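[1] here you go, sequence then predicted model.
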Amino acid sequence: MAEDPKAMIEIKNLRFTYPGIDGHPPPGSTPLIEAFSLSLNAGDRCLLVGSNGAGKTTILKILGGKHMVEPHMVRVLGRSAFHDTALTSSGDLCYLGGEWRRDVAFAGFDVPIQMDVSAEKMIFGVSGVDPKRRDELMKVLLLDEITVDLDVLARADLLKFLRKECEERGATIIYATHIFDGLEDWPSHIVYVANGKLQLAMPMDKVKENSNLSLMRTVESWLRKEMDEKRKKRNERKAAGLSEFEKQVEGSRVTGDPASAAIRAMNNGWAAGRLHSTIAGEENFVFSSNRVLRQ
Ligand SMILES: Nc1ncnc2c1ncn2[C@@H]1O[C@H](COP(=O)(O)OP(=O)(O)OP(=O)(O)O)[C@@H](O)[C@H]1O
């Protein structure tokens, strides 16, 4: 397939497995991300949703050039995010995750995030930036749940500012979140990922056409369906006298009994997002691994 010259982000048949301790994917492992394709243009504001451990952070980090994949699998501004280091150093591409989130909440908004855009300017607007240099500011922004520590006002202002950046400057944003407050009219697109696979990529108006529920309830219905299907498969395996979980270790993903230290040891010590919830019992879990209150 020819590259779309308009695309700011182009993911084609992405496949990724976290390396083991020896730097290579564990032998016989199933990729965590597989057959994942997506194309986003200038001005797109994309909400990335999925359950804990679905692969959202992994996808954002790959796009941000933090994990190596084959150059043709991920193109940002027509360049390979991992191999073309100038993409991130020039500030055209920026991944903001947990560290920046804490800084925003506690450092008095005085944190330079990207050349001359401080967190303060991100939140209160970029009026302080020399207008002639505005076009030099970031073009592709990858946000990994950065708003959990923000108060209602700061979050609303940040979302408004980000929207303006897309509409006025043609920036492209992917925002992974579990918090849907104030997002009803924010995204132009929604992407739903489950088990590292793309389930749905749709313009927001199509999502609204297909569902008369709120955005949060719509996403909730997708995740419930996903969980019900997993539960059904497990019950079918149990009824057939097989182990409830298909495989104990599936690539770098923990899929077996999450309490098993042996499994975690084989997975570089990483455990899937549902660890706490699964131990607590699916019906009554309170915290997920990223400590989002679930009931
Ligand atoms: N460095 C790593 N090495 C091995 N496995 C990892 C690593 N980082 C994440 N994983 C595993 O990859 C899977 C996907 O994790 P990821 O953080 O991308 O999911 P997520 O959708 O962002 O989850 P959440 O919503 O909880 O933040 C999980 O099973 C996780 O345990």
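    On my side now, so go ahead. Numbering: from 1, shown residues only.

[2] show me where the stretch 151-295 of the chain has helices.
    152-169, 204-210, 215-239, 261-266, 275-280 (DSSP state H, counting those that start in this stretch).

[3] I'd like to know how far the closest residue to M216 other than its chain neighbours sits from T218.
    Excluding its sequence neighbours, the residue lying closest to M216 (C-beta to C-beta, 6 or more residues apart in numbering) is F180, at 3.9 Å. The C-beta positions use only the backbone N, C-alpha and C, and glycine is treated the same way. According to C-beta to C-beta, to the nearest Å, F180 and T218 sit 9 Å apart.

[4] closest one to the ligand among the helices of the stretch 151-295 of the chain?
    helix 275-280 (8.2 Å; C-beta to the nearest ligand atom).

[5] averaged pLDDT, the closest one. What do you get?
    In this model, helix 275-280 has a mean pLDDT of 36.

[6] what pLDDT does the residue nearest to M216 get?
    Reported pLDDT for F180: 92.

[7] and it, backbone torsions?
    With angles defined as degrees, to the nearest 10, F180 sits at phi -110, psi 0.

[8] what does L213 give?
    phi -80, psi 170.

[9] just the element for L48, please.
    For L48, the element it lies in under DSSP states H and E is strand 45-49.

[10] I'd say K12 and S37 touch.
    Yes. Using C-beta atoms under 8 Å, K12 is in contact with S37, at 5.3 Å.

[11] between these two, who's got more neighbours?
    For K12 versus S37, the count of surrounding residues by other C-beta atoms under 10 Å is larger for K12: 16 against 13.

[12] what separation do you get for the more buried one and S80?
    12 Å.

[13] identify the contacts common to those two.
    V74 (C-beta atoms under 8 Å, 6 or more residues apart in numbering).

[14] re earlier: any chance of the helices of the stretch 151-295 of the chain in a markdown table, plus distance to the ligand and mean neighbour count?
    Shown next, in a markdown table, are those (distance: least, C-beta to the nearest ligand atom, whole Å; neighbours: other C-beta atoms under 10 Å):
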| stretch | distance to the ligand | mean neighbour count |
| --- | --- | --- |
| helix 152-169 | 18 | 16 |
| helix 204-210 | 19 | 14 |
| helix 215-239 | 11 | 14 |
| helix 261-266 | 9 | 14 |
| helix 275-280 | 8 | 16 |
